[in-house]
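[1] Okay, sequence plus prediction incoming.
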Amino acid sequence: MSQPSRLIIATRASRLAIWQAEHVRDRLAALYPACSVELLELTTRGDQILDRTLSKVGGKGLFVKELENALLDGRADLAVHSLKDVPIDLQAPFELCTVLERGDPRDALVSNRYASLAELPDGAVVGTSSLRRESLIRERHPNLVVQPLRGNLDTRLAKLDAGGYDAIVLAAAGLERLGLAGRIRALLEVEESLPAAGQGALGIEIHQDRKELRDWLAPLACARTTACANAERAVSRVLGGSCQVPLAAYATVDGDTLHLRAMVSSVDGRRMLRAEASGPVAQAESIGSAAARELLDQGADIILAELSAPG
C-alpha cells in the first residue's frame with residue numbers, strides 16, 4: 001500500500017475540536033512519519049448561532065456542512081468530528097470511514113456550589129444544550145429549572161462562572177481532553193444519564209471516492225467502539241433521531257456479545273421509554289434496530305410525532 005505524503009484535516013475552530021483534530025494528526029504522524037499533516041480550521045454555522053437551541057436552527061448538521069464543503073472542493077482530505085455530532089443520515093458523496101477508540105461516554109455535572117444534582121435546591125437552574133439531558137434531568141429532578149446553554153465548552157463554563165446557572169451538564173470526555181477534569185463535580189453514571197449515540201468517540205469523515213484514504217485511516221479504527229457506534233446509531237436511524245428528539249443509545253461489549261440500552265422521551269421527562277437488546281458483536285446494527293423497534297412498540301412513534309409537529 002502506498003503511503004500519504006500530505007494530509008489536511010478539516011476541523012471546527014473550537015478548542016476541543018482542535019484538540020480532537022490534533023489527536024488524529026498525531027496518530028497519523030506516528031503511522032506515516034514522512035507525511036505532512038496539517039489542520040484547516042473552519043467556523044461552522046453551528047458555532048455562529050448561539051442564541052437558539054440546535055433543535056430550532058437545523059440540528060447538528062450545522063457543525064459539519066463547512067467541513068464537508070472543504071472535502072468537496074479539495075481544501076481538506078478528511079474531517080474530524082465528535083461522533084455524536086455526525087448526522088445519522090450522512091449523505092453521498094460523504095462517508096464516516098473511521099471510528100476511534102471511545103473516551104469516557106458519561107455526562108458530567110459541573111457546578112461551583114453543588115456536588116450533585118440531588119443537592120441542588122428547588123428552582124436551581126441547570127444549563128444544557130441537549131434535549132436528551134434535559135428530559136433525563138426533568139424525569140429525576142422535576143424541581144429543577146432546565147435552561148438552554150449554547151456555545152463551545154469554554155463559553156459554557158464561562159456562563160456558569162458568571163452566575164447564569166447553578167450547574168451545567170457537559171460530556172465528560174470533552175472536559176477530560178482539555179485538562180478540565182478538575183471542574184467535574186460528579187460523573188453521571190449511565191443508569192442515571194444514558195449517553196447519546198457515539199458520545200465520547202471521534203469519527204473521521206471523507207469523500208467516498210477517496211478509497212486510498214479509507215486504507216490509510218483504517219489502522220486508527222477501534223473495532224469495539226465501531227461496533228458500539230453502529231448499534232447506537234442504528235437506533236437513531238430507525239427512529240429518525242436528531243437533536244430534536246430526546247434520544248439515548250449506549251452499547252458495551254463483553255467478549256463476543258454486545259449489549260445495548262436505548263431511551264426515547266418527551267422533553268418534560270414524563271414519558272420515558274426504555275429498551276435493551278443483546279447479541280453477537282457482528283450483528284451490531286441489527287441489535288440497534290431491534291431496540292428501536294421495541295421502543296416503537298412501546299409508543300415511541302407517538303412521542304416522535306408530537307416532537308416533529310409544527311409549533
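    Right, received. Where do you want to start?
[2] just for the protein, where's the confidence low?
    44-63, 241-243, 310-311 (pLDDT under 70).
[3] quick one, what contacts the residue nearest to the spatial centre of it?
    The residue lying closest to the centre of the chain (C-alpha atoms, centre = their mean) is Lys84, at 2.1 Å. Lys84 makes contacts with Lys60, Ala171, Ala196, Ala197, Gly198, Gln199, Ala201, as judged by C-beta atoms under 8 Å, 6 or more residues apart in numbering. Quick note: C-beta positions are derived from backbone N, CA and C, even for glycine.
[4] Is Arg25 in contact with Thr11, as I believe?
    No - using C-beta atoms under 8 Å, Arg25 is not in contact with Thr11, being 9.3 Å away.
[5] Now list whatever residues contact both of those two.
    Leu39.
[6] So those two - more neighbours on which side?
    Thr11 (26 against 20; other C-beta atoms under 10 Å).
[7] how about the nearest residue to the more buried one, chain neighbours excluded?
    Ala21 (3.7 Å; C-beta to C-beta, 6 or more residues apart in numbering).
[8] Buried ones in the host helix or strand of the one you found, by neighbour count?
    Using DSSP states H and E, Ala21 sits in helix 15-31. For helix 15-31, the neighbour count (16 or more other C-beta atoms under 10 Å) marks Leu16, Ala17, Ile18, Trp19, Gln20, Ala21, Val24, Arg25, Leu28 as buried.
[9] what's the answer for stretch 92-101, then?
    Phe94, Glu95, Leu96, Cys97, Thr98, Val99, Leu100.
[10] now stretch 121-132
    Ala124, Val125, Val126, Gly127, Thr128, Ser129, Ser130, Leu131, Arg132.
[11] Which other helices and strands does the strand or helix carrying the third one contact?
    To tie it back to what came earlier, the one meant is Val126. Val126 is part of strand 125-128 when elements are defined by DSSP H and E. Applying 3 or more C-beta pairs under 8 Å, 6 or more residues apart in numbering; DSSP states H and E, one finds that strand 125-128 contacts helix 131-140, strand 145-148, helix 153-161, strand 167-171.
[12] Out of those, flag the one nearest Ala70.
    helix 153-161 (22.8 Å; C-beta to C-beta).
[13] Which strands or helices does that closest one pack on?
    Partner elements for helix 153-161 (3+ C-beta pairs under 8 Å, 6+ apart): helix 15-31, strand 125-128, strand 167-171.
[14] can you give me the angle that helix makes with helix 15-31?
    150 degrees (axes from the mean of the first three to the mean of the last three C-alpha atoms, to 10 degrees).
[15] could you dump helix 153-161 to CSV, C-alpha only?
    Taking Å, rounded to 0.1, in the frame of the first residue of the first chain, the C-alpha atoms of helix 153-161 are listed here in CSV:
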residue,chain,number,x,y,z
LEU,A,153,-17.1,24.2,26.1
ASP,A,154,-15.1,27.3,27.3
THR,A,155,-18.1,29.5,26.6
ARG,A,156,-20.4,27.3,28.6
LEU,A,157,-18.0,27.2,31.6
ALA,A,158,-17.8,31.0,31.4
LYS,A,159,-21.6,31.3,31.5
LEU,A,160,-21.6,29.1,34.6
ASP,A,161,-18.8,31.1,36.3
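[16] now the angle between strand 167-171 and it, please.
    Relative orientation of helix 153-161 and strand 167-171, computed by the same axes, to 10 degrees: 160 degrees.
[17] Could I get the buried residue list for helix 153-161?
    Buried residues in helix 153-161, defined by neighbour count with 16+ other C-beta under 10 Å: Leu153, Arg156, Leu157, Lys159, Leu160.
[18] residue ranges for the helices of this protein, please.
    15-31, 45-48, 54-57, 65-72, 131-140, 153-161, 172-177, 211-217, 223-239, 284-297, 300-308 (DSSP state H).
[19] Among those helices, which comes closest to Ala186?
    helix 172-177 (10.0 Å).
[20] In the closest one, which residues are buried?
    In helix 172-177, residues buried by neighbour count (16+ other C-beta under 10 Å) are Ala172, Ala173, Gly174, Leu175, Arg177.
[21] residues in contact with the second one?
    Contact criterion C-beta under 8 Å, 6+ apart gives Arg102, Gly103, Asp104, Pro105, Gln199, Gly200 as the residues in contact with Ala173.
[22] Next, the contact list for the closest residue to Glu285 other than its chain neighbours, please.
    The shortest distance from Glu285 to any non-neighbouring residue, by C-beta to C-beta, 6+ apart, is to Ala234 (4.5 Å). By C-beta under 8 Å, 6+ apart, the contact list for Ala234 reads Ala284, Glu285, Ser286, Ile287, Gly288, Ser289, Ala292.
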